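Visitor: Whatever this is, show me its structure:
(one chain, ligands or ions: 2)
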Amino acid sequence: MTLSSPLVAGVLTVSDSCFAGNKSDKSGDILEDLIRSSLPQFGVVIRVLVPDEQNLISSQLKNWCDKDKLDLVITTGGTGLTSRDVTPDATRSVLHRELPHLSTVMLIEGLKHTPYAALSRQICGNRGKTLVLNFPGSSSAVKECFSAVLPIIGHSINLLNDEHQEINKLHEPVIEDKLKITELKQYPMVSVGEALHHITDQSAPLSNQTVSLESTLNRTLGSDIHALSNIPPFPASVKDGYAIRSCDKAVTREVIGDCIAGCKPEIELCRDTVAYITTGAYLPKGADSVVMIEYTKLIEKDGKRFITLLSIPEKGQDVREPGTDMRKGELVLERGCLIGPMEIGILAAAGAREVSIFSLPCVGVFSTGDEIQDISQVDARSPYGVIDTNRVTLIAMLRNDGYDVRDMGIVKDDPNELRSVMLRALACCDVIISSGGMSMGNRDYVKPCLEAIGCKIWFGKVKVKPGKPTCFATLREGENRKYIFGLPGNPASAIVTYMLFVCRCLSVLSGKKGKCNPEIPVIISNNKELGDRTEYRRVFLTWEDGKLIASSTGGQQSSRILSMRNAQALLRIPAIDEYSGSRIDKGTVLKAILITRWISS
Ligand SMILES: Nc1nc2c(c(=O)[nH]1)N[C@H]1C(S)=C(S)[C@@H](COP(=O)(O)OP(=O)(O)OC[C@H]3O[C@@H](n4cnc5c(N)ncnc54)[C@H](O)[C@@H]3O)O[C@H]1N2
Ligand code: MOO
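Guide: Numbering: from 1, shown residues only. Ligands and ions are numbered 1, 2, ... in the order given. Predicted structure coming up:
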């Protein structure tokens with residue numbers, strides 16, 4: 001496919017000093033000239049200058065990609081190592097997919113001119129149909145990078161514009177030309193337990209990857225780890241003192257040498273001799289015990305050293321036999337365990353330099369709704385608009401849980417736009433989370449869209465408060481399977497259903513064992529009338545007389561994001577048909593899902 005001219009390019013200069021007017025934007029000028037002279041299909045080149053501020057860079061990139069729909073954006077500056085160099089970080093936060101090899105091509109060219117090219121952190125990728133490239137700030141680097149990617153730019157943009165058609169081809173048998181919504185399907189209401197059952201049943205861990213030990217923090221172990229060798233590998237002293245033969249009887253014995261940790265022991269003890277030894281050192285031949293230095297007295301006579309023993313140790317005293325701490329072949333960590341700082345130490349001790357871990361799912365997030373406005377638009381806020389809190393909260397929760405996130409923006413209540421964003425997300429993510437458009441309104445298109453794409457909807461309504469219209473769907477089987485969660489638009493509903501349902505799927509996909517948030521018994525501090533759905537109240541916890549008391553965070557309306565403020569647990573209140581009565585009294589013990597590490601005293 002060849003695109004019709006003219007294409008539009010943006011040159012974004014990122015520089016504090018140019019922005020302050022202390023320097024002229026030379027590299028921006030060079031870049032504009034290069035695009036105009038070498039890429040004639042670009043009829044328009046727009047220029048913007050911003051300081052090295054991450055939010056300004058990313059919002060400019062988003063505007064150019066999403067609103068102005070530029071074909072190519074090249075940034076210059078801010079790719080280095082100083083604390084103000086944030087262009088790659090801002091770029092990464094807006095890209096839908098990275099194209100790491102484009103950066104490599106530029107690196108190879110740069111290295112021909114200076115070894116410092118290796119210090120550039122520049123990244124490339126696409127947001128929607130826009131190709132975004134980071135270039136360093138120096139004039140020479142701009143020319144080198146441009147020459148490196150010049151032969152690739154046109155083809156990349158063609159491919160990005162074909163992407164949509166390619167994805168449509170993939171789904172040809174199931175996608176109609178235009179998504180037509182005629183009637184809203186009713187889904188049976190499932191219990192929370194049934195919903196979780198569907199999720200665990202349908203989800204399977206992603207593939208494993210092998211990484212170096214340092215890259216394993218907060219990841220899940222992909223295989224059992226057995227110790228490579230004994231720790232200690234030899235009989236070692238537990239104390240600084242003297243290695244002795246416990247069978248000897250003399251109180252005063254000659255010191256015939258020193259055994260120092262890390263050195264090969266060259267000495268062999270014979271009757272009534274000892275060796276000075278440091279903690280951790282290899283016991284010399286003949287020795288079977290260690291006496292601490294505090295229990296000896298050193299005497300020097302005729303250039304020789306002697307010690308008097310103030311206490312006689314038993315055989316084996318203060319000696320660590322080989323394998324005491326870790327036995328060769330011992331199972332030290334099991335597949336599926338979460339790797340924290342302690343596990344990194346255990347892996348190192350076990351000799352695991354390269355470690356198999358589960359791959360992390362890539363999660364695409366978008367909000368839906370004509371009324372939903374990004375926080376960056378807050379100044380131009382429509383009186384009828386609603387600030388998008390769901391997307392930022394979901395993205396933050398995902399990042400907090402260590403997942404790789406793609407921000408897919410806000411989608412209008414338009415079935416075709418929804419389908420196109422959903423397809424784009426399906427093309428680059430393992431899991432997709434949308435919020436809004438889930439209920440029974442005539443503009444609630446998410447479930448019909450999933451059906452039209454050919455997804456299997458496992459549940460579309462849950463007996464839970466908040467979160468009734470939550471849906472879970474999958475597309476395809478096997479390795480390339482996709483998981484889709486349609487969460488309700490109400491902010492508390494979206495957050496609670498993420499914690500209840502999405503977390504479970506992501507845990508399984510990333511190989512984690514067990515539940516993501518532990519369940520604990522708590523005492524409720526107020527009487528509670530039961531409703532027809534299982535309720536997850538947002539509560540804070542206090543310790544009183546050795547017991548955990550759960551108190552409500554205030555109004556529990558699903559629209560009220562403030563119900564999440566200070567929330568430390570989700571208190572599970574059974575539905576009326578799950579309990580023997582219509583009310584639960586203050587003081588009753590119920591289960592709560594812990595969502596914090598901290599409990600107030
Ligand atoms: N006839 C029925 N109506 C509703 C039912 C029902 O069973 N029958 N269920 C109600 C329940 S329960 C919920 S929960 C909501 C969920 O509705 P939707 O998922 O369709 O969400 P929207 O209508 O799009 O939005 C609801 C509410 O939340 C605000 N919202 C949406 N997205 C965001 C966002 N990203 N950030 C902040 N706020 C957001 C939106 O403006 C609405 O006020 O449906 C009930 N209706
Ligand atoms: O399920 Mo909705 O979240 O009750 O408001």
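
Visitor: Let me see the ranges of the strands in the stretch 151-300 of the chain.
Guide: Under the criterion DSSP state E, counting those that start in this stretch, the stretch 151-300 of the chain carries strands at the ranges 208-212, 225-226, 236-237, 241-244, 252-259, 273-277, 289-292, 296-301.

Visitor: May I see these organised as TSV, with mean neighbour count and mean pLDDT added?
Guide: Glycine gets a C-beta too; all of them are placed from N, C-alpha and C. Formatted as TSV, the strands of the stretch 151-300 of the chain follow (neighbours: other Cβ atoms under 10 Å; pLDDT from 0 to 100):
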stretch	mean neighbour count	mean pLDDT
strand 208-212	13	96
strand 225-226	19	98
strand 236-237	25	97
strand 241-244	28	97
strand 252-259	18	97
strand 273-277	26	97
strand 289-292	23	97
strand 296-301	12	95
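
Visitor: Ligand 1: which of these is closest?
Guide: The closest approach between ligand 1 and any of the strands of the stretch 151-300 of the chain, judged by Cβ to the nearest ligand atom, belongs to strand 208-212 at 33.1 Å.

Visitor: circling back to that earlier point, turn the strands of the stretch 151-300 of the chain into a markdown table, including distance to Asn490.
Guide: Written out in a markdown table, the entries for these read as follows (distance: least, Cβ to Cβ, whole Å):
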| stretch | distance to Asn490 |
| --- | --- |
| strand 208-212 | 37 |
| strand 225-226 | 44 |
| strand 236-237 | 62 |
| strand 241-244 | 69 |
| strand 252-259 | 70 |
| strand 273-277 | 69 |
| strand 289-292 | 67 |
| strand 296-301 | 75 |
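
Visitor: For those, give me JSON lines that also has distance to ligand 2.
Guide: Formatted as JSON lines, those follow (distance: least, Cβ to the nearest ligand atom, whole Å):
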{"stretch": "strand 208-212", "distance to ligand 2": "37"}
{"stretch": "strand 225-226", "distance to ligand 2": "43"}
{"stretch": "strand 236-237", "distance to ligand 2": "61"}
{"stretch": "strand 241-244", "distance to ligand 2": "68"}
{"stretch": "strand 252-259", "distance to ligand 2": "70"}
{"stretch": "strand 273-277", "distance to ligand 2": "68"}
{"stretch": "strand 289-292", "distance to ligand 2": "66"}
{"stretch": "strand 296-301", "distance to ligand 2": "74"}
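
Visitor: quick one: which of those strands is nearest Met422?
Guide: For the strands of the stretch 151-300 of the chain, the distance to Met422 is smallest for strand 208-212, at 27.2 Å, taking Cβ to Cβ.

Visitor: and that closest one, how far from the chain's centre?
Guide: 15 Å (Cα atoms, centre = their mean, to the nearest Å).

Visitor: Of all the strands of the stretch 151-300 of the chain, which one comes closest to Val464?
Guide: strand 208-212 (33.8 Å).

Visitor: Run me through the strand neighbours of that closest one, direction for each.
Guide: As defined by DSSP bridges, the strand partners of strand 208-212 come to strand 354-358 (antiparallel).

Visitor: Show me what counts as buried in the partner strand.
Guide: Val355, Ser356, Ile357, Phe358 (16 or more other Cβ atoms under 10 Å).

Visitor: Same check on stretch 64-78?
Guide: Going by neighbour count (16+ other Cβ under 10 Å), the buried part of stretch 64-78 is Trp64, Cys65, Asp66, Leu70, Asp71, Leu72, Val73, Ile74, Thr75, Thr76, Gly77, Gly78.

Visitor: okay, those residues in TSV with pLDDT and secondary structure next?
Guide: Rendered in TSV, the data for those read as follows (pLDDT from 0 to 100; DSSP: H, G, I helix; E, B strand; the rest coil):
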residue	pLDDT	secondary structure
Trp64	90	helix
Cys65	92	helix
Asp66	88	helix
Leu70	88	coil
Asp71	91	coil
Leu72	95	strand
Val73	97	strand
Ile74	97	strand
Thr75	98	strand
Thr76	97	strand
Gly77	97	coil
Gly78	97	coil
